[in-house]
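S.K.: My questions concern the predicted model and sequence given below.
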Amino acid sequence: EWLSIPYTHSGVLASAIAMDKERTKDVYRAEGLPCAMGVIATREAVEASHVLPPPYVVKPYNEGSSVGVYIVQPGSNAPRLAATMPERVMVETYAPGRELSISVLGERALAVTDIITDGWYDYDAKYKPGGSRHQLPATMPDEITEACLDYALRAHKALGCRGLSRTDIRWDEERGLDGLILLETNTQPGMTPTSLAPEQAAHCGMSFAALCDWLVRDASCNR
């Protein structure tokens with residue numbers, strides 16, 4: 001921005017808000033989007049006792065790629081956090097169900113991918129070949145697909161995103177529409193061979209080269 005060099009994806013403010021999981025939840029709630037209840041707590045409080053009734057998730061409030069995520073199950077003791085965890089962390093109610101992801105390109109939500117793993121969608125499942133299987137499009141009722149596309153586009157706009165973003169959602173099938181919970185929005189989604197956004201663009205008829213071309217042509221300042 002300072003050098004007036006055009007760049008792709010979201011601007012500084014949108015990316016800063018989206019990286020801060022608590023600020024992201026504030027935006028989701030203001031937009032009427034469903035998200036898990038969560039609090040910011042100190043390491044000391046989290047390790048001393050259960051901050052929320054299990055099951056719950058402990059994670060850094062400003063990291064990505066599922067780094068430093070702890071899932072605390074009923075009957076477990078309060079977690080012992082790694083030394084690399086920050087002094088303040090997010091603790092949120094565990095959202096059960098299927099792992100869904102929706103990319104937004106410009107003004108369009110592309111598709112819904114159902115991410116299938118043996119465990120949960122951790123770092124290895126995201127980046128290692130064979131770590132997860134992507135079902136695209138996700139097999140589910142039309143009303144759930146439409147709601148996911150709508151939620152992702154609304155999240156993209158509410159956060160002030162530009163270009164390409166990706167919103168991750170959990171869906172508890174037993175609860176229908178009420179079982180959809182937004183987890184986070186990624187303003188710089190991965191562009192690796194196992195990444196979701198290029199795969200969804202290809203599903204919509206846009207090759208990887210065409211996607212890159214679109215992003216470069218969309219580059220600007222004051223984003």
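M.R.: Great, that's in hand.

S.K.: what kind of secondary structure is Leu211 in?
M.R.: helix (DSSP: H, G, I helix; E, B strand; the rest coil).

S.K.: Just after the lowest-mean-pLDDT helix or strand in the chain, pick out the following helix or strand.
M.R.: The helix or strand with the lowest mean pLDDT-type score in the chain, counting by mean pLDDT, DSSP states H and E, is helix 123-127 (a mean of 49). Counting by DSSP states H and E, the next helix or strand C-terminal to helix 123-127 is strand 133-135.

S.K.: Name the residues of the helix or strand following that next one that come out as buried.
M.R.: Using DSSP H and E, the next helix or strand after strand 133-135 towards the C-terminus is helix 142-158. Neighbour-count burial for helix 142-158 flags Ile144, Thr145, Ala147, Cys148, Leu149, Tyr151, Ala152, Leu153, Arg154, Ala155, His156, Ala158 (criterion: 16 or more other CB atoms under 10 Å). In short, each C-beta sits where N, CA and C put it, glycine included.

S.K.: Now flag whichever of the residues you listed is closest to Ser132.
M.R.: Nearest to Ser132 out of the buried residues of helix 142-158 is Cys148 (CB to CB; 18.0 Å).

S.K.: quick one: contacts for the residue lying closest to Cys161 once chain neighbours are set aside?
M.R.: Closest residue to Cys161 apart from its sequence neighbours, by CB to CB, 6 or more residues apart in numbering: Ser10 at 4.5 Å. For Ser10, the contact set (CB atoms under 8 Å, 6 or more residues apart in numbering) comprises Ala18, Leu159, Gly160, Cys161, Arg162, Gly163, Ser165, Thr187, Gln188, Arg223.

S.K.: Quick check: Glu199 touching Leu136?
M.R.: Yes - contact criterion CB atoms under 8 Å: Glu199 and Leu136 qualify, at 6.2 Å.

S.K.: shared neighbours of those two, anything?
M.R.: Residues touching both Glu199 and Leu136 (CB under 8 Å, 6+ apart) are Thr113.

S.K.: Contacts for the helix or strand encompassing Ile17, please.
M.R.: Using DSSP H and E, Ile17 sits within helix 12-19. Applying CB under 8 Å, 6+ apart, the contact partners of helix 12-19 are 1, 9-10, 23-24, 27, 62, 64, 159-162, 165, 184-188, 223.

S.K.: Now list the buried members of these.
M.R.: Buried members of the contacts of helix 12-19, counted by 16+ other CB under 10 Å: 9-10, 24, 27, 62, 64, 159-162, 165, 184-188, 223.

S.K.: So which of these belong to strands?
M.R.: Ser165, Glu184, Thr185, Asn186 (DSSP state E).
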